[in-house]
Structure formats: structure tokens, C-alpha cells
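> Here's a sequence, model it:
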Amino acid sequence: MILTIRKLIVLVAVVVLLIVCWNSYASSTYELATVKQVGEDEITVVNLGNRERTIAVPVDISKLIEIDKDYIISYEKRLWDKYRLKSIHSAFK
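Just a heads-up that it's a prediction; the model follows:
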């Protein structure tokens with residue numbers, strides 16, 4: 001019985017440690033980029049430095065985003081996870 005409780009405590013400690021590490025290695029990026037491809041669950045963009053990123057989107061925005069148009073995008077990347085879109089706005093009105 002006591003051995004089982006110790007194993008449970010160790011397991012909970014390891015899970016908490018993994019969650020803390022996952023949250024602490026998050027980076028957020030805000031940049032001007034040109035949309036190159038639009039899919040149901042991701043978009044591919046190229047920024048001004050010619051760096052290409054494939055970014056996961058939470059909903060299908062393929063009807064709202066135009067290819068080869070500039071957008072100001074904000075996305076985040078966490079440890080062991082994809083790039084995820086936080087916001088997107090047209091660069092020029």
C-alpha cells in the first residue's frame with residue numbers, strides 16, 4: 001500500500017515537471033509575412049527574411065485568407081509542439 005502511494009507521488013511529480021518544462025519553453029512571434037498556402041488546418045507563410053513556417057490554425061480559415069497577400073501574424077511555439085496561430089491581420093488596409 002505505501003509503495004503504491006510512493007509510486008503515485010513520483011508519477012504526479014514527474015507529470016508536473018513535464019508540464020512546467022513544456023510551458024517554460026514557449027516562444028511567441030509577431031511578424032509580417034506572405035501567405036503561400038492555405039489548408040483546412042494550417043497555413044504556410046514566408047516572412048521578410050525568406051524563412052518559411054507552417055502554422056497550425058484552430059479553425060478552417062481557407063475562405064478568409066488570400067494567397068500571396070501580406071499579413072501581420074502572431075504565433076507561438078512550445079516544446080514538442082507545432083507552431084500555432086494566435087492572430088492574423090491584413091498588413092495593409
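
> Need the nearest residue in space to the residue nearest in space to the middle of the chain, chain neighbours excluded.
Centrality entry for the chain: nearest residue to the mean C-alpha point is Arg84, 2.0 Å, by CA atoms, centre = their mean. Closest residue to Arg84 apart from its sequence neighbours, by CB to CB, 6 or more residues apart in numbering: Ala56 at 5.1 Å. Backbone N, C-alpha and C define where each C-beta goes, glycine included.

> Bridge partners for the one you found, pull those for me.
Going by DSSP bridges, Ala56 is paired in beta bridges with Glu42, Arg84.

> thought it was touching Lys82?
Yes - under the criterion of CB atoms under 8 Å, Ala56 makes contact with Lys82 at 4.7 Å.

> Just the CA trace of the helix or strand of the chain with the lowest mean pLDDT, in PDB.
Taking mean pLDDT, DSSP states H and E as the measure, the chain has helix 2-24 as its least confident helix or strand, at a mean of 85. Output of helix 2-24 as PDB, limited to C-alpha atoms (Å, rounded to 0.1, in the frame of the first residue of the first chain):
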ATOM      1  CA  ILE A   2       2.700   2.500   1.000                       C
ATOM      2  CA  LEU A   3       4.800   1.500  -2.100                       C
ATOM      3  CA  THR A   4       1.800   2.300  -4.300                       C
ATOM      4  CA  ILE A   5       1.300   5.700  -2.700                       C
ATOM      5  CA  ARG A   6       5.000   6.500  -3.300                       C
ATOM      6  CA  LYS A   7       4.800   5.500  -6.900                       C
ATOM      7  CA  LEU A   8       1.700   7.700  -7.300                       C
ATOM      8  CA  ILE A   9       3.600  10.700  -5.700                       C
ATOM      9  CA  VAL A  10       6.600  10.100  -8.000                       C
ATOM     10  CA  LEU A  11       4.300   9.900 -11.100                       C
ATOM     11  CA  VAL A  12       2.500  13.100 -10.200                       C
ATOM     12  CA  ALA A  13       5.800  14.900  -9.600                       C
ATOM     13  CA  VAL A  14       7.100  13.800 -13.000                       C
ATOM     14  CA  VAL A  15       3.900  14.900 -14.700                       C
ATOM     15  CA  VAL A  16       4.100  18.300 -13.000                       C
ATOM     16  CA  LEU A  17       7.700  18.700 -14.000                       C
ATOM     17  CA  LEU A  18       6.900  17.900 -17.600                       C
ATOM     18  CA  ILE A  19       4.100  20.400 -17.700                       C
ATOM     19  CA  VAL A  20       6.300  23.100 -16.200                       C
ATOM     20  CA  CYS A  21       9.100  22.400 -18.800                       C
ATOM     21  CA  TRP A  22       6.500  22.400 -21.600                       C
ATOM     22  CA  ASN A  23       5.200  25.800 -20.500                       C
ATOM     23  CA  SER A  24       8.500  27.400 -19.800                       C
END
